[in-house]
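Peer 1: quick one, fold the following:
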Amino acid sequence: MEENEGILDILDAAKGLTDLMTEAQDTIEDLEETFKSEINLKTNYPYLIFKTEDLIRVMNLCNKIVQPKSDNPAYNTISIVPVPAFKTVNFYVTNDLSHFGYQAELIGESENMLDETISISFINLQKIVKLAGSKILIYKKDNNIYIRIIDGDLLVDYRQIERQYLEFPGTVKEKIAELGVNNIGRIVNAALPLLNAELRGDVKRINFTGDRAYFNSSFYYLESMINSPKISLSLRDAEFFNKLYKYYKDKQIQIFKVESNLSRLYIKIDNISYMFINSINAISPLLIDQIGKMMSPIEALVNYDRLNKIVSLATMLPSSTGNVGLSYKDGKLIAKISSNKGESIMNFDTKLEKEHLYKGEIFVKAETLRKLLNAFVGSERIGIALSDLGITIENAGIKAVMMHTDI
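Peer 2: Now for the predicted structure:
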């Protein structure tokens, strides 16, 4: 099993590099509320009609799962599987590591509906959906598939994917947990900037041990207490959970065991299904003890936005050395930006949490600290502590330490 997990880590890291290369492709984020135009939905041919907002939601949720540049049509398409008898349609996206499903309502009369699977390129759908009205009409005429857009009917290149690619592998068994999307999502949202900054694919994981969730790398350790099953989220899975956090913050995630040749978990939330490989990497008690010693009790609360802007400034100034010094003086947090011509001193008002503060000064790479601060975007104030071993930051139950402060 360990050998399989290593291979999966390598595959996932390679796919991550491919994803970065295709980031320039068009995005449809946040377009769900823009499609108000009505189109003519009449046709004499077998058809499917569903809300455009459902297709956009599918594309936004699965854009880190689909592989647009893959040579395998099963991996670069969204498959549309109608169930006319129940007036529903299932959207499926898959790769060799994870499987996604989304169910939506079909509009119209069951007896007139198209009853076959249609798989359309994700990239093509990105272009097409921007020209759609409030509803999508797909129909089949003379073995051709057409999609009605605002200005007419577009002939669409489509594929017919083998059913085996659309079926979730293994057998879903009993439910093992139910977690709030907000609880798991806030942790994933905080850890993702650190995962994305990490170069080593084998550590790009968020691990849930049963009583905590953590991310650990050469420079950072982030954790939050949470009761959950033992779960390991790869970067790709974490990005999907982050999408759920955006759209379904107040919902519950049901987690099920899966009987499969690989360790998998199946989750369900409303009309969404997702299955992923769960390669658990256990954290050693020794590591927990060592990191526990690096994490210092919070000394002061400081305005997040002001500190983040100063640290970011230290990374961008042409004359800056890229280093920033941190210390306390007269109850204030002091940030010192080093440059080729001297030093700039910044003072931050703080609310002290301890009577005795760290008495020294530590120098760190501003860029490394900036990446840590990215984990706390959206915070009004953050807790901070300095020590000889690192910098500790905390907010809303999420605590992180930046290690190796020597420069």
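Peer 1: now do the buried residues in stretch 64-78.
Peer 2: Across stretch 64-78, burial judged by 16 or more other C-beta atoms under 10 Å covers K64, I65, V66, Q67, P68, S70, P73, A74, Y75, N76, T77, I78. From N, CA and C alone the C-beta is placed, and that goes for glycine too.
Peer 1: please disregard the earlier target; I meant stretch 367-382.
Peer 2: 367-376, 379, 381-382.
Peer 1: in CSV, list the buried residues of stretch 64-78 along with distance to L114 and pLDDT.
Peer 2: Output for the buried residues of stretch 64-78, formatted as CSV (distance: C-beta to C-beta, whole Å; pLDDT from 0 to 100):
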residue, distance to L114, pLDDT
K64, 29, 90
I65, 25, 94
V66, 23, 94
Q67, 26, 93
P68, 25, 91
S70, 26, 92
P73, 19, 92
A74, 20, 92
Y75, 24, 95
N76, 22, 95
T77, 17, 96
I78, 16, 97
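Peer 1: in a markdown table: those residues, plus distance to V302 and secondary structure.
Peer 2: Converted to a markdown table, the buried residues of stretch 64-78 look like this (distance: C-beta to C-beta, whole Å; DSSP: H, G, I helix; E, B strand; the rest coil):
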| residue | distance to V302 | secondary structure |
| --- | --- | --- |
| K64 | 33 | coil |
| I65 | 38 | coil |
| V66 | 41 | coil |
| Q67 | 42 | coil |
| P68 | 42 | coil |
| S70 | 46 | coil |
| P73 | 52 | helix |
| A74 | 50 | helix |
| Y75 | 46 | helix |
| N76 | 46 | helix |
| T77 | 48 | strand |
| I78 | 45 | strand |
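Peer 1: circling back: from the buried residues of stretch 367-382, which two are the most distant?
Peer 2: Longest distance between any two of those is 22.9 Å, between E367 and R381; criterion C-beta to C-beta.
Peer 1: can you show me the helices along the protein?
Peer 2: Applying DSSP state H to the chain gives helices spanning 2-21, 52-62, 73-76, 122-129, 163-166, 181-197, 235-247, 285-294, 304-316, 366-374.
Peer 1: just to revisit the earlier point, from the buried residues of stretch 367-382, which is closest to A213?
Peer 2: Relative to A213, the closest of the buried residues of stretch 367-382 is A375; by C-beta to C-beta it sits at 12.9 Å.
Peer 1: my read: that closest one touches L222, true?
Peer 2: Yes: applying C-beta atoms under 8 Å as the test, A375 and L222 come out as touching, 6.2 Å apart.
Peer 1: any shared contact partners between these two?
Peer 2: Residues touching both A375 and L222 (C-beta atoms under 8 Å, 6 or more residues apart in numbering): A190, A191, L194, I398, A400.
Peer 1: who touches the first one in this structure?
Peer 2: Applying C-beta under 8 Å, 6+ apart, we find A190 in contact with L222, S224, A375, F376, I398, A400.
Peer 1: these in strands, which ones?
Peer 2: Per DSSP state E, strands hold the following members of the contacts of A190: L222, S224, I398, A400.
Peer 1: where does the chain have low pLDDT?
Peer 2: For the chain, applying pLDDT under 70 flags the ranges 1-36, 281-283, 404-407.
Peer 1: show me how it divides into domains.
Peer 2: Per the record, the chain has its domains at 31-166, 171-283, 292-403, by automatic domain parsing.
Peer 1: what about F219, distance to N207?
Peer 2: F219 is 17 Å from N207, where distance means C-beta to C-beta, to the nearest Å.
Peer 1: let me fix that, I meant to ask about K309.
Peer 2: 32 Å.
Peer 1: the more surrounded of those two?
Peer 2: N207 (19 against 13; other C-beta atoms under 10 Å).
Peer 1: hang on, isn't that one packed against I231?
Peer 2: Yes: with contacts defined as C-beta under 8 Å, N207 counts as touching I231 at a distance of 7.4 Å.
Peer 1: show me whatever sits in contact with both of those two.
Peer 2: What both N207 and I231 touch, as defined by C-beta under 8 Å, 6+ apart, is the set I280.
Peer 1: what about stretch 222-231, how long is it end to end?
Peer 2: Criterion C-alpha to C-alpha, to the nearest Å; first-to-last residue distance in stretch 222-231 is 16 Å.
Peer 1: how about stretch 315-333?
Peer 2: End-to-end distance for stretch 315-333, by C-alpha to C-alpha: 19 Å.
Peer 1: can you give me the buried ones in that stretch?
Peer 2: For stretch 315-333, by 16+ other C-beta under 10 Å, it's T315, S320, T321, G322, N323, V324, G325, L326, S327, Y328, K332, L333.
Peer 1: pull the number of nearby residues for K359.
Peer 2: Neighbour count of K359, defined by other C-beta under 10 Å: 8.
Peer 1: grab the nearest non-local neighbour of it.
Peer 2: Spatial nearest neighbour of K359, excluding adjacent residues (C-beta to C-beta, 6 or more residues apart in numbering): Y328 at 7.8 Å.
Peer 1: how about that neighbour, what does it touch?
Peer 2: Taking C-beta under 8 Å, 6+ apart, we find Y328 in contact with E299, A300, I334, L357, Y358, K359, L386.
Peer 1: in the stretch 251-400 of the chain, which spans are strands?
Peer 2: With DSSP state E, counting those that start in this stretch as the criterion, the stretch 251-400 of the chain has strands at 252-259, 264-269, 272-277, 300-303, 320-329, 332-339, 342-348, 350-352, 362-365, 381-386, 390-395, 398-403.
Peer 1: what separation is there between the residue most central in space within the chain and S232?
Peer 2: Taking C-alpha atoms, centre = their mean, the centroid of the chain lies closest to E239, which sits 1.6 Å from it. According to C-beta to C-beta, E239 stands 14 Å off from S232.
Peer 1: now G342
Peer 2: On the measure of C-beta to C-beta, G342 and S232 end up 47 Å apart.
Peer 1: who has more neighbours, these two?
Peer 2: S232 (20 against 8).
Peer 1: my read: the more buried one touches I206, true?
Peer 2: Yes: the pair S232 and I206 qualifies as a contact (C-beta under 8 Å) at a distance of 7.5 Å.
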